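# Here's my sequence, what's the structure:
(2 chains)
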Amino acid sequence: MGVMKIMSDEGDTKISWNPSVDKEVAIAKDKFDELLKKGFAAFRVDDKGSKAARKVKEFLPFAGTLLLVAPLQGG
Amino acid sequence: MTTGGATNSDLYFCNTTTYVAANSSGTADAVYARSATVSDCSSVTVATCGTHTTWGVDCAAIGDTTTDVSYHVYYPNKYRQTNFDCDGSSVTTTVTAWATTGTVVTSEQARVIINGIELPLADGAIIEEHGTITVAPDGHLTFRDFYFRGSGEFEINESTWRQGRYEESEEQKKAREFRESLRNAAEIKAKDLLKDFIGKKELEVYNETGRLYVKGKKNEYIVRKDRTVQLIEKDKIVDLCIHLKNRANFPATDNVVALKFMIEHEEDKVLKLANRVGTESLPEELPLAACM
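Alright, predicted model coming up:
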């Protein structure tokens, strides 16, 4: 099962998908692409901590867990 | 309404029962109030008394046959505000003020100070005969006596009336509590997310200190909850202001998580975006932070 954790005002919202189900993959990919266009940064994460994470620019159906980090700005 | 013959822009308050006036220096002996029924201020006159310019009421003009007028000295002048209106999102009140140079006082001349904090007036804000001071939603405004000082300045201290937030309806209170509970729930989720990356033990340190140590490829940082990021240089600490866009829409700890990831993986971008807002000398020992 793939999970995308997206930073939001609710803490983080989750979208999950079954990599074997095309429709679910398509929905997740659409969301991923939409967020990247808005300036989100995507990281593939696992249980080895954030440093082991890898920045990704394309949706990976078999990525496991993706974290979508909202854009930053200087203050 | 005529306002007397003074040439400086001093203010008068006038209501139907008393009036007060001050000169520009605001000295006590130049301030007078008349406890009498005054239907308007048209009979205010200006006279010179020694080195002070004073204002008084021409008793005969208002039909008061008493020649022995008692003047009450008020310094500073006080005018109690009683007419507050709250529509659930803002508090307004009206103040009555006249300037000797005309019937309006503009923001260039007038200042509003509430509990010692100056309330900025919009450009060109006009406080006319019945001026309005508006408090922004969720503003904490408490005032007791509304009064003015000389030189076109009037000041609100405290009021026995507490409006807006403190007298919210039951419905407003429930709505506010609901919003707060959503924010708290979001922050709990954000901390759960952080725990995924730093573990339970370090999360406890973060909960206690509000600080997270993050090592980039080039530099070390302390990411602080609700505060600037500290870049640790060889001989100093630099405060970097960088945060999530629209950060008010996110729980505070999501901001920390975002900075952690971006520092670890896109450090150059972080350094480019951040504004350097201050420096301090490097302490002997850095304050405790999670993941140190």
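
# so what pLDDT did the residue in chain A that chain B sits nearest to get?
Taking C-beta to the nearest C-beta as the measure, the point where chain A comes nearest chain B is A:Gly11, at 2.6 Å. Glycine gets a C-beta too; all of them are placed from N, C-alpha and C. A:Gly11 is assigned 76 on the pLDDT scale.

# Counting neighbours, what do you get for the residue nearest to it when sequence neighbours are not counted?
With C-beta to C-beta, 6 or more residues apart in numbering or on different chains as the criterion, A:Gly11 has its nearest non-adjacent residue at 2.6 Å, and that residue is B:Lys189. For B:Lys189, the neighbour count with other C-beta atoms under 10 Å in any protein chain shown is 20.

# On the three-state scheme, the residue in chain B that chain A sits nearest to is what?
Using C-beta to the nearest C-beta, the closest approach of chain B to chain A is made by B:Lys189 at 2.6 Å. Counting by DSSP: H, G, I helix; E, B strand; the rest coil, the backbone at B:Lys189 sits in helix.

# wait, what's in contact with it?
Counting by C-beta atoms under 8 Å, 6 or more residues apart in numbering or on different chains, B:Lys189 makes contact with A:Glu10, A:Gly11, A:Asp12, B:Pro251.

# show me where chain A has helices.
A:22-37 (DSSP state H).

# quick one: low-confidence ranges for it?
A:47-50 (pLDDT under 70).

# Now stretch B:231-238: buried residues?
Residues of stretch B:231-238 classed as buried: B:Leu231, B:Ile237, B:Val238 (neighbour count, 16 or more other C-beta atoms under 10 Å in any protein chain shown).

# Among the residues you listed, which ones are in strands?
B:Leu231, B:Ile237, B:Val238 (DSSP state E).

# Just put those residues in JSON lines and tack on pLDDT and distance to B:Thr209.
Converted to JSON lines, these look like this (pLDDT from 0 to 100; distance: C-beta to C-beta, whole Å):
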{"residue": "B:Leu231", "pLDDT": "95", "distance to B:Thr209": "18"}
{"residue": "B:Ile237", "pLDDT": "92", "distance to B:Thr209": "16"}
{"residue": "B:Val238", "pLDDT": "92", "distance to B:Thr209": "20"}
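
# Now distance to B:Asn219 too, for these, in JSON lines please.
Shown next, in JSON lines, are those (distance: C-beta to C-beta, whole Å):
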{"residue": "B:Leu231", "distance to B:Asn219": "6"}
{"residue": "B:Ile237", "distance to B:Asn219": "11"}
{"residue": "B:Val238", "distance to B:Asn219": "9"}
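
# Need those in a markdown table (columns: distance to chain A).
Output for those, formatted as a markdown table (distance: C-beta to the nearest C-beta, whole Å):
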| residue | distance to chain A |
| --- | --- |
| B:Leu231 | 13 |
| B:Ile237 | 17 |
| B:Val238 | 13 |
